[in-house]
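**Student:** please work out how this folds:
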Amino acid sequence: MTKHVLVVGGGPGGATAAALLARAGIEVTVLEREHFPRYHIGESVAPSCRAIMEFTGVHDKVAARGYPVKRGVLLRWGAEADWAVNWQRSFGEDIRSWQVDRGDFDKVLLDHAADSGARVIEGATVRRVRFDGDRAVAADWTDDGGTAHTSTFDTLVDASGRTGLVSARTLDNRRQHDVFRNVAIWAYYRGARLLPNTPPGGIDVISSPQGWYWVIPLKDGLFSVGFVTHQTLFRERRPGFPSVQAMYDAIVAESDTVRDLVAGAVFEGPVRVEQDYSYVADSFCGPGYFSVGDAACFLDPLLSTGVHLAMYSGLLSAAATIAAAAGEVSEVEARGFYETLYRNAYERLFSLVSGMYRKYQGRRSYFWLAQQLLRTEQYQPDNAFGAIVAGLSDLDDAVSPMFGVTDAASLAARRAATGTAPARSTTAPMRMDANDLYDAASGLYLVTAPTLGIRRAAPDYAGVS
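**Tutor:** Next up, the predicted model:
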């Protein structure tokens, strides 16, 4: 039985898992290499994260930070006219999120994990994970003063991000995507603007023959402006500029649209570059461990899915750990449930982003692809695309009491069997594909009432596909 969980990494995935585990009464230690707040790219948060934050209890703390409210995205993509994905119009007033300062946002989440009962140690660098056979059992780490420590655990939540403590450093089972061997280059402007018809607080995504740009409105008039291109193109161009600053300035100037949006704005550096950041591990979990968020996989930033995948997998890892500890399912079943659901979420996003990189197929083809990926006719094609972009396809409002559902188990099982839509909620409504919280092969599904965990579907629903 799990008595102690070690979480490596205090970002959104690790902080979410730690808060949920601590609130369930499990002893949790978080080892975070940095001292928060620290800079991190990835300011755009999907609406799905609001539901998870409500369940962890941190939602109101985040809302109080005064971040700009995000209600969608506008794409100037390929040869087509601008098209906006407005979540409010498609799904209702309460579908919204924020454009956050990740340094501040991540600190709020990690502090909340500590408030929930997790022991948080910052300045702790984990050097390696020890295995007993194929089971993870301990971690060697050093503190700020250079003192060496070894921490044993019953379960490890590896939320170490791109470091990939288990997948990359220990098991070496992480593969990069050839199609997404991209480089991002970005900086900030104060006083830029967005394209007309952009949903309030939304992102502008603008394609070019060699890649695509983002323009994201942040707090106090600050805008994140970046460009993504294939690493081959980046490397070919880089020697032609005396500095990355000069290269960035030239890239911004090459787009009539982006150049116009930053005209008159004040540049705020430094210019930053990140490359080779798209990959997936062969396995997302194993005996004694779960790989969460970027430690398991990371996709191209086109749909701003990084925080969503981190928090979603943090939720799933906590549910799997709690369920196995309580004897609701075996460890093998809990791991299988986690692997299936997290990989389903990742692979659907991968398919949609891959389709969008074929820039000139047209938005109707992206809408059609999105509807097929949701495996249901519940959505019109344009709404299916919006649901995936919003992260709504990976949660289910029928399994949580915070959505006003009292018989979560029967609703989840019935929904899994019929594919019918749940009732609308009043807090952060989520219309989702039941398959994302229900594994038809095992008959297991996620529950949050009366406690977070995993349940078995009633016999009548077992084996439903």
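**Student:** all helices of this protein, in order?
**Tutor:** All helices of the chain, identified by DSSP state H, fall at 12-23, 48-56, 59-63, 87-91, 102-115, 231-237, 244-254, 256-261, 306-326, 331-356, 363-374, 381-389, 408-418.
**Student:** deepest of the ones you listed, which one?
**Tutor:** Among the helices of the chain, ranked by average contacts under mean count of other C-beta atoms under 10 Å, first place goes to helix 12-23 (a mean of 31). Yep, even glycine has a C-beta here, placed from its N, CA and C like the rest.
**Student:** before we move on, back to that, for Pro196, find the nearest of the helices of the chain.
**Tutor:** helix 256-261 (10.8 Å; C-beta to C-beta).
**Student:** what pLDDT, on average, does the closest one get?
**Tutor:** Mean pLDDT, helix 256-261: 98.
**Student:** same check, this time on stretch 130-143
**Tutor:** 98.
**Student:** wait, which of the helices of the chain is closest to Asp282?
**Tutor:** Distances from Asp282 to each of these were compared using C-beta to C-beta; the minimum, 10.5 Å, belongs to helix 331-356.
**Student:** averaged pLDDT, the closest one. What do you get?
**Tutor:** 88.
**Student:** also stretch 233-246?
**Tutor:** Mean predicted confidence for stretch 233-246 is 96.
**Student:** make CSV out of the helices of the chain and add distance to Ser160.
**Tutor:** Shown next, in CSV, are the helices of the chain (distance: least, C-beta to C-beta, whole Å):
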stretch, distance to Ser160
helix 12-23, 8
helix 48-56, 20
helix 59-63, 23
helix 87-91, 32
helix 102-115, 14
helix 231-237, 23
helix 244-254, 27
helix 256-261, 34
helix 306-326, 12
helix 331-356, 16
helix 363-374, 29
helix 381-389, 27
helix 408-418, 32
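**Student:** which one, of those helices, ends up nearest to Leu299?
**Tutor:** Nearest of the helices of the chain (C-beta to C-beta): helix 331-356, 5.6 Å.
**Student:** returning to what we had before: nearest to Tyr279, out of the helices of the chain?
**Tutor:** Per C-beta to C-beta, nearest to Tyr279 of those: helix 331-356, 10.9 Å.
**Student:** show me what the closest one is packed up against.
**Tutor:** Packed against helix 331-356, as judged by 3 or more C-beta pairs under 8 Å, 6 or more residues apart in numbering; DSSP states H and E, are the following elements: strand 285-286, helix 306-326, helix 363-374, helix 381-389, strand 438-439, strand 444-447, strand 453-456.
**Student:** can you flag the weakest of the ones you listed by average pLDDT?
**Tutor:** helix 363-374 (a mean of 50).
**Student:** that older thread, Ala81: which of the helices of the chain is closest?
**Tutor:** helix 363-374 (9.5 Å).
**Student:** was I right to think Gly103 contacts Arg38?
**Tutor:** Yes. In this structure, Gly103 is within contact of Arg38 by C-beta atoms under 8 Å, at 5.7 Å.
**Student:** what is the burial count for Thr150?
**Tutor:** 11 (other C-beta atoms under 10 Å).
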